[in-house]
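Asker: sequence below, structure please.
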Amino acid sequence: MKRPGPLLTLLAGLLFGLILLTLDATTGTRSSTSPYRTESPSPSPTAGVASPTPSATSAPPRAAVPNASYAGRTDDDSASVAVSVRDRKAIAYFCDGHSKESWLKGDVADDGSMKLTGGRGAELNGTLGEGTSIRGTVDVDGGHYAFTAEKALKPSGLYRATATVRGAKLVGGWIVLADGRQVGIVSRDGKPAAAPPVDPGTGAVTVDGTRLTARPATP
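Answerer: Next comes the predicted model:
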């Protein structure tokens, strides 16, 4: 009788091969599917939320323009100029102490610049620099004058007096400089002449025998 060894060996080999094929098929199926689950990204917390509407931009604060008086001389030293600033309004006086004068007024801009105007086409253009001085030009009666006016500390500054004396309307203007010098004109019914000195401490001045009081000029 023959031994079944070779046949059993062959059948065992076939069975082992079938098992391997079955395992390969199973492994391939599993590998086609990723073990990690893919999810749709969660929406951003801010998605769908409207951005806040920016509030209306408030206007920037206006630059400070100090209330002060300024007095100085023209570059050619022929006349004096004084400017008084109050609440962004300005009044100025140009005076040569003899016959040429002009009162001017206007506004002061945020950047310290000013354009003041007066009678007969007079014009002052200046810039207030850091509240300590005014640099500019004055055009009066055909003349063009550059000037620098420094901040005035009492008793220096700009003074003015008005009155009617002996039927004539008087308008007097005085510029008192830091060194004590004075330049002034008194107009009698529009006719200018050199003014008598004024007492800066009290404002007292005598014009045509009449005692008047000159007061600091403000806009």
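Asker: please report phi then psi for the spatially closest residue to Asp87 that is not a sequence neighbour.
Answerer: Of all residues not flanking Asp87 in the chain, Asn67 sits nearest, at 6.9 Å (C-beta to C-beta, 6 or more residues apart in numbering). C-beta coordinates here come from the backbone N, C-alpha and C atoms, glycine included. As for Asn67, its main-chain torsions (degrees, to the nearest 10) stand at phi -80, psi 120.
Asker: so how far is Leu212 from Asn67?
Answerer: 26 Å (C-beta to C-beta, to the nearest Å).
Asker: compare neighbour counts for the two and give me the winner.
Answerer: Taking neighbours as other C-beta atoms under 10 Å, Asn67 and Leu212 compare with Leu212 leading, 20 against 13.
Asker: contacting residues around that one?
Answerer: When contacts are counted by C-beta atoms under 8 Å, 6 or more residues apart in numbering, Leu212 touches 161, 163, 170, 172, 204-206.
Asker: how about Gly173?
Answerer: 93, 95, 101, 103, 158-160, 184-186, 195, 217.
Asker: just the residues you listed: which are in strands?
Answerer: 93, 95, 101, 103, 158-160, 184-186 (DSSP state E).
Asker: which two from those residues end up farthest apart in space?
Answerer: In terms of C-beta to C-beta, the ones in strands among the contacts of Gly173 reach their longest pairwise distance at Leu158 and Val186, which sit 14.8 Å apart.
Asker: these two: which has the busier surroundings?
Answerer: More crowded of Leu158 and Val186, by other C-beta under 10 Å: Leu158, with 28 against 23.
Asker: who's that one bridged to?
Answerer: In this structure, Leu158 bridges to Ile175 when assessed by DSSP bridges.
Asker: distance of it from Phe94?
Answerer: On the measure of C-beta to C-beta, Leu158 and Phe94 end up 11 Å apart.
Asker: again with Asp77
Answerer: According to C-beta to C-beta, Asp77 and Phe94 sit 14 Å apart.
Asker: higher neighbour count, those two?
Answerer: Phe94 (30 against 7).
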